[in-house]
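Visitor: Sequence and predicted model, in that order:
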Amino acid sequence: MTSPVDEALARAEEFLVTLNAKREELERLAAAEDVDGDAAVDLIGELAELARQIEAELTRARGLADAAG
């Protein structure tokens with residue numbers, strides 16, 4: 001059985017995998033000869049949201065761990 005801390009960390013890891021994939025996508029887009037600025041802005045927004053979600057899950061895991069002693 002997984003603890004709530006483990007679940008929060010697992011979600012953070014899933015978000016991190018997605019964040020890395022989006023970052024790689026942004027790097028490919030930036031390397032393209034004809035850069036799509038709108039797509040780049042959208043990807044940057046997605047990266048920012050993923051970063052917020054990771055931070056929230058890590059904060060949640062830390063709070064749960066602290067509460068558990």
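Guide: Cool, got the structure. This is a predicted model, so every value here is computed, not measured.
Visitor: list the buried ones in the longest helix seen in the chain?
Guide: Ranked by residue count, the top helix of the chain under DSSP state H comes out as helix 37-68. Across helix 37-68, burial judged by 16 or more other C-beta atoms under 10 Å covers 43, 46-47, 50, 53-54, 57-58, 60-61, 64. All C-beta spots, glycine's among them, are computed from the backbone N, C-alpha and C.
Visitor: Dump those residues to TSV, plus distance to Asn20 and pLDDT.
Guide: TSV is the format used below for the buried residues of helix 37-68 (distance: C-beta to C-beta, whole Å; pLDDT from 0 to 100):
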residue	distance to Asn20	pLDDT
Leu43	12	96
Glu46	12	97
Leu47	10	97
Leu50	9	98
Gln53	14	98
Ile54	11	97
Glu57	16	97
Leu58	16	97
Arg60	21	96
Ala61	19	96
Leu64	25	94
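Visitor: Just name the closest of the residues you listed to Pro4, please.
Guide: Of all the buried residues of helix 37-68, Leu64 has the smallest distance to Pro4: 5.1 Å, by C-beta to C-beta.
Visitor: got a list of what Leu26 touches?
Guide: Residues near Leu26 by C-beta atoms under 8 Å, 6 or more residues apart in numbering: 40, 43-44, 47.
Visitor: Need phi/psi at Val35.
Guide: The phi/psi pair for Val35 (degrees, to the nearest 10) reads phi -70, psi 130.
Visitor: Okay, the nearest residue in space to it that is not next to it in sequence and Ala67: tell me how far apart.
Guide: Distances taken as C-beta to C-beta, 6 or more residues apart in numbering place Leu29 nearest to Val35, at 6.5 Å, with adjacent residues excluded. To Ala67, Leu29 is 42 Å away according to C-beta to C-beta, to the nearest Å.
Visitor: can you check Ala39 too?
Guide: Computed with C-beta to C-beta, the distance linking Ala39 and Ala67 is 42 Å.
Visitor: same check, this time on Leu19
Guide: Leu19 is 27 Å from Ala67, by C-beta to C-beta.
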